[in-house]
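[1] how does the following fold in three dimensions:
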Amino acid sequence: MTRGAWTLWRQIPRLFPYLRPYKRLVAGSILLSAAAVVIGLADPWPLAFMVDSVLGGHRPPGLVTRTIGSHDRYTLLVLAALAGLALVGLRNVMSVLHEYVNTKLHQWLVLDLRSDLFNHAQRLSVSYHDATPTGQLMSQVNYLPDQAGNLMIGLPPLVQSLLTLIGMFIIAIRLDPVLALLALTVVPVTYYSIGVYASRIVPRLQRVRGLEWQTLSIIFEAMAMLRVIAAFARERHEYGRFRKQGETAARARVNLTVRQTLFSLVVNTWTAAGTALVLGVGALHVLQGRLSIGGLLVFLSYIAAVYGPLETISSTISSMQFQLVSVQGAFYLLDVKPVISDAPGAVNLGLARGDVAFDRVDFSYVGRTGTLRDISFAAQCGQRVAIVGPTGAGKTTLISLITRLHDPQAGSVTVDGIDVRKLKVSSLREQVSVVLQVPELFSGSIIDNIRYGRLEATAAEVIEASRAANAHDFIERLPKGYETVLGEGGSQLSVGERQRICVARAFLKNAPILILDEPTSSIDSKTEAVILDALDRLSVGRTTFVIAHRLSTIRHVDLILVLDEGRLVERGTHDELLDRKGLYRQLHDVQVGANLLRTRARRVIASARADGDLHEASSALVAEVQRALAARLHGTVGHDALAHAAALLVQSVEPMLDPGRPDADAILAALRSGDPLANRKIGAAFADAVLELQDLAFDLGVSAQTDAKAAVK
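    Residues are numbered from 1 along each chain as shown. Predicted structure coming up:
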């Protein structure tokens, strides 16, 4: 049992390299600890001198008589008091110095370990970060190193206690061998208790740590998703999640603390029994004349000083085990090997031309197969390449292989004819500018965010890049211009404004390879036009890869790659792919048809709302019908689609609502019922209106007319 108790202590040597830069502080801490041992050994002797030589009849020690000669008891009393005071003063001075040295050593050691963890975490793969809770990473980087510092600072007092134990035992055995041996009876129990603690308490420590990591993850996730939580009014739900997890962690922590306290009480009770045994036998030896009262006081002081460290060891063994568990958690992170790293002999690319080629590339995520299969193509310097395909086809994954966010399992990706795995990662990524679908900004100023593309850029270069990105005008209108502090994520700006800052950042970097990952998918048409204009300028002279869902934005690229289920199924220009009538043609026709159908539906809505004869509240009636349809469909159809359908339905039955018709009231009541389409007349009129739209869709090649008619019938 005790053999396994020391397993965690094997982590301690891994911390020694962090002490090397601070050898002087370590040496100072050791010397001060040694001085504390000497002072501790001398501490009880003034009291023994006072009892035996001042109050009793024993002759003063030879050292005293040789130093000050023979004096009366009052002089000796003053000497004993001054000696005790001097030891207390010296111990306090040593304590202050020791605290200063240890605190400085602790802070720098923690900073170094935390820096290594932070640097290492940045180098780990995107897949690792996707799979690891944020709360766990934050704890490993920010909180656990502090426990490592506490552990290293706690070791010198532990060694000091052991040295004090040895020194006191040597003196004690000379005073009374029997008492000295009796005093050691608690040592085996203390040693054995460490094994019990490690086997029973440490697993619970690790479980509590995991529960507390989960609690942190809930907090980070909730803060990151705050807008979604507010939009769905799920504050109470998230509070319930947090509270439930927190209660689980709290109960586990309470249970653990009770067990730790019981462990300490058992050890303390045993040391108290040892003290009582020594006191009883020591008093007997005084009565028998084998030991003086002063000697007994010295012995009891030593025993208290010995048992104190033993109790400290037993009581702090819980905190030290917690610290060791924390150190283990920090090293878990350091022990994760970066999937993407510089290969031996990796070279710097320098300024790349921008030729990019994929040769029979395969890639799969963990737990998935066939994300990319047998992908081969080449993009020449300055060429613009669009990558399209259905959702999940592998478009973003393909682009991520260029910057080595992932490495292929088979085949190769080359830049200027060199396999990217033979290039230094930093050198490769310096050749690539990226504009992502979701604009990501830091919490600093606008100028710092743009300058992130090239840290040494001047203010004039930043402004020039902003002009090129069509961002300068709106930045200048802000109260503090380029010095405007954005806050976390740049939430003070609109999505389009944030995206233009990201484009300016890419302009400033001026890399030969440009990646645009659906950069206009989240913005309106007007802002899209502004950003596309900037992106057109940005792509001039650069090898550009564009991931796009809006096919209208990529008509003029040099090459379009069409992915489907991880395979490259088509390639060519826009016109060539339309002529082939393959997947690209289908995607194109669906988008064009959907746009026309959406325009027609909007006109229907406008017409319905503009008609004032519809019982003076056509829009209100449309809203009622929409709610009825939504209730019938149980939320399976989107809000916009239901609005279009409701407006079309109301327009199709408008002639039936003429006050002169005998069934007008019945039709109106049916429209306002829970199921308007249950009325056969309303259903027939709506079917005719739908058929008109289906005919239009068929003409555009986006629907099967026969299937539509069959569905209506």
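[2] what segments of the stretch 101-250 of the chain are helices?
    Secondary structure of the stretch 101-250 of the chain (DSSP state H, counting those that start in this stretch): helices at 126-131, 134-138, 144-175, 177-183, 186-200, 202-224, 226-231, 235-287.
[3] no, scratch that, I was asking about the stretch 451-600 of the chain
    Under DSSP H, counting those that start in this stretch, the stretch 451-600 of the chain gives helices at 459-468, 472-477, 495-509, 525-539, 574-580, 583-610.
[4] which residues are in contact with the fifth one?
    It refers to helix 574-580. Residues outside helix 574-580 that contact it (CB atoms under 8 Å, 6 or more residues apart in numbering): 551, 554, 555, 556, 557, 560, 562, 570, 572, 584, 585, 588. No exception for glycine: its C-beta is placed from N, CA and C like everyone else's.
[5] returning to what we had before: now the helices of the stretch 101-250 of the chain as CSV including mean pLDDT, mean neighbour count and distance to residue 491?
    Output for the helices of the stretch 101-250 of the chain, formatted as CSV (pLDDT from 0 to 100; neighbours: other CB atoms under 10 Å; distance: least, CB to CB, whole Å):
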stretch, mean pLDDT, mean neighbour count, distance to residue 491
helix 126-131, 73, 12, 22
helix 134-138, 71, 18, 19
helix 144-175, 73, 19, 31
helix 177-183, 75, 19, 66
helix 186-200, 67, 17, 48
helix 202-224, 74, 17, 12
helix 226-231, 67, 12, 9
helix 235-287, 79, 15, 19
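[6] for residue 112, which of these is the nearest?
    Closest to residue 112 of those is helix 144-175 (CB to CB; 8.6 Å).
[7] what is the closest one packed up against?
    helix 23-42, helix 73-123, helix 177-183, helix 293-335 (3 or more CB pairs under 8 Å, 6 or more residues apart in numbering; DSSP states H and E).
[8] out of those, which is the most enclosed?
    Highest mean neighbour count of the helices and strands packed on helix 144-175: helix 293-335, a mean of 20 (counted as mean count of other CB atoms under 10 Å).
[9] in the following helix or strand past it, what's buried?
    Scanning forward in sequence from helix 293-335 by DSSP states H and E, the next helix or strand is strand 356-363. For strand 356-363, the neighbour count (16 or more other CB atoms under 10 Å) marks 356, 357, 358, 359, 361, 362, 363 as buried.
[10] find the nearest non-adjacent residue to the fifth one, please.
    Closest residue to residue 361 apart from its sequence neighbours, by CB to CB, 6 or more residues apart in numbering: residue 411 at 3.7 Å.
[11] who does whichever strand or helix holds that neighbour pair with, and is each partner parallel or antiparallel?
    Here residue 411 sits within strand 410-415, counting by DSSP H and E. If you go by DSSP bridges, strand 410-415 pairs up with strand 356-363 (antiparallel), strand 418-419 (antiparallel).
[12] redo the ones you listed as JSON lines? Include mean pLDDT and distance to residue 441.
    Below are these laid out as JSON lines (pLDDT from 0 to 100; distance: least, CB to CB, whole Å):
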{"stretch": "strand 356-363", "mean pLDDT": "94", "distance to residue 441": "27"}
{"stretch": "strand 418-419", "mean pLDDT": "92", "distance to residue 441": "33"}
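[13] related to what we said a few turns ago, between the buried residues of strand 356-363, which is nearest residue 84?
    Checking those against residue 84 with CB to CB, the nearest one is residue 363 at 76.2 Å.
[14] can you tell me the helix or strand for the closest residue to residue 348 other than its chain neighbours?
    Spatially, and ignoring its direct neighbours in sequence, residue 348 is nearest to residue 427 (4.4 Å; CB to CB, 6+ apart). Assigned by DSSP H and E, residue 427 belongs to helix 425-429.
[15] what's the offset of the following helix or strand past that helix from the middle of its chain?
    The helix or strand immediately downstream of helix 425-429 is strand 432-435, counting by DSSP H and E. Remark: strand 432-435 is offset 23 Å from the chain centroid, using CA atoms, centre = their mean, to the nearest Å.
[16] before we move on, what about stretch 327-337?
    The answer for stretch 327-337 is 15 Å, by CA atoms, centre = their mean.
[17] swap in stretch 333-347?
    21 Å.
[18] what distance separates the start and the end of that stretch?
    28 Å (CA to CA, to the nearest Å).
[19] and the contacts of that stretch?
    By CB under 8 Å, 6+ apart, the residues outside stretch 333-347 that reach it are 116-117, 120-121, 123-125, 127-128, 137, 140-141, 404-407, 418, 421-425, 427.
[20] and stretch 471-481, by the same measure?
    With CB under 8 Å, 6+ apart, stretch 471-481 has contacts from 446, 463, 466, 482, 484, 497, 500, 501, 503, 504, 534.
[21] average model confidence for it?
    What stretch 471-481 shows for mean pLDDT is 88.
[22] could we number from 13 for the rest of this?
    Okay, residue one is now 13; in that scheme the one you just asked about reads as stretch 483-493.
[23] and that stretch, C-alpha only, in CSV?
    The C-alpha coordinates for stretch 483-493 follow below in CSV (Å, rounded to 0.1, in the frame of the first residue of the first chain):
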residue,chain,number,x,y,z
ALA,A,483,-12.9,50.0,-43.7
HIS,A,484,-11.2,53.4,-43.3
ASP,A,485,-14.4,55.5,-43.6
PHE,A,486,-16.4,53.8,-40.9
ILE,A,487,-13.3,53.6,-38.6
GLU,A,488,-12.8,57.3,-38.9
ARG,A,489,-16.4,57.9,-37.9
LEU,A,490,-15.9,56.2,-34.6
PRO,A,491,-15.3,58.5,-31.6
LYS,A,492,-11.7,57.3,-31.1
GLY,A,493,-11.0,56.2,-34.7
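[24] ok so, going back, reformat the strands paired with strand 422-427 as CSV; add distance to residue 187.
    Listed next are those as CSV, based on distance: least, CB to CB, whole Å:
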stretch, distance to residue 187
strand 368-375, 76
strand 430-431, 77
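[25] among those strands, which is nearest residue 470?
    Nearest to residue 470, of those and by CB to CB, is strand 368-375 at 30.7 Å.
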